[in-house]
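Trainee: would you be able to build a 3D model of this:
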Amino acid sequence: MWLPEKKITIICGHYGSGKTNLAVNLALSLAKAGEKTVLVDLDIVNPYFRAADNRRELEENGVRCVLPQFANTNVDVPSLPPQIHSVFVGDEKVVFDVGGDKDGAMALGVYRNAIEKCGYEMIGVCNMYRPLTQTPEETIENLSEIESQCRLSFTALVNNSNLGEETTAQDVKASFAYADALAEKSNLPLLFTAVSSKVNLSTEHPIFTIRDITKKIY
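Mentor: Take a look at the predicted model:
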């Protein structure tokens, strides 16, 4: 199982690529491995899919949550949490769940200097079954727009190609060629393919088994 070594891990990507589910699973895995962990919900674009929905489970497992001021309320006002400055000090491992595309990355850019000082991984979450990221070329364009907006660079990729509850082992295997081509064309390492624990998959490809614990988009 891959776990980040840098203090900060940023999860970015296209809308609906599964960023939040991956971020929550990664934070839980870090905590299970004995790391002091904090999850920062930096999604101020889409109030429906957010890590705040998993706050109870995260905190029960020792993950500190830093959430937008109006998360899980009826107030839809973009507001960055004031506690966010606390994550840049101390020995916690920090997972940032960032809003989709370049609009979501705008909030991330506010903290660029602090992030660079701490050291970071920025992971592009890619799903070939989502519109506008169905080819490596489309996905690279999307990732480039995110980089331009936040002024940070991607360091790695994760293949999270899935069809929600309908995902089969064959659907996942069909995405391997896409993921390999994307890694080659972008010159970024492919860390793993995220696979739902509900999918029975036998493969030599590196995988990260995740639980479907966030709201469903399908």
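Trainee: okay, CA-based contacts and neighbour counts for the rest of this
Mentor: Fine.
Trainee: tell me the gap between the helix or strand bottoming out on mean pLDDT in the chain and the middle of its chain.
Mentor: Least confident helix or strand, the chain: helix 101-109 with a mean of 86, by mean pLDDT, DSSP states H and E. Remark: helix 101-109 is offset 13 Å from the chain centroid, using C-alpha atoms, centre = their mean, to the nearest Å.
Trainee: what's the answer for stretch 1-20, then?
Mentor: Using C-alpha atoms, centre = their mean, the offset of stretch 1-20 from its chain centre is 3 Å.
Trainee: so who does residue 27 touch?
Mentor: Residue 27 makes contact with 37, 38, 39, 58, 63, 95, according to C-alpha atoms under 8 Å, 6 or more residues apart in numbering.
Trainee: what residues are up against residue 98?
Mentor: Counting by C-alpha under 8 Å, 6+ apart, residue 98 touches 10, 11, 12, 19, 41, 42, 43, 104, 105, 108.
Trainee: could you look up the SS state of residue 40?
Mentor: Taking DSSP: H, G, I helix; E, B strand; the rest coil as the rule, one finds residue 40 in the strand state.
Trainee: so where do the helices sit in the protein?
Mentor: Ranges of helices in the chain, per DSSP state H, are 19-32, 55-60, 101-109, 112-118, 136-150, 169-174, 176-186.
Trainee: which elements pack onto the fourth one?
Mentor: The one in question is helix 112-118. Packed against helix 112-118 by the contact rule (3 or more C-alpha pairs under 8 Å, 6 or more residues apart in numbering; DSSP states H and E) you find no helix or strand.
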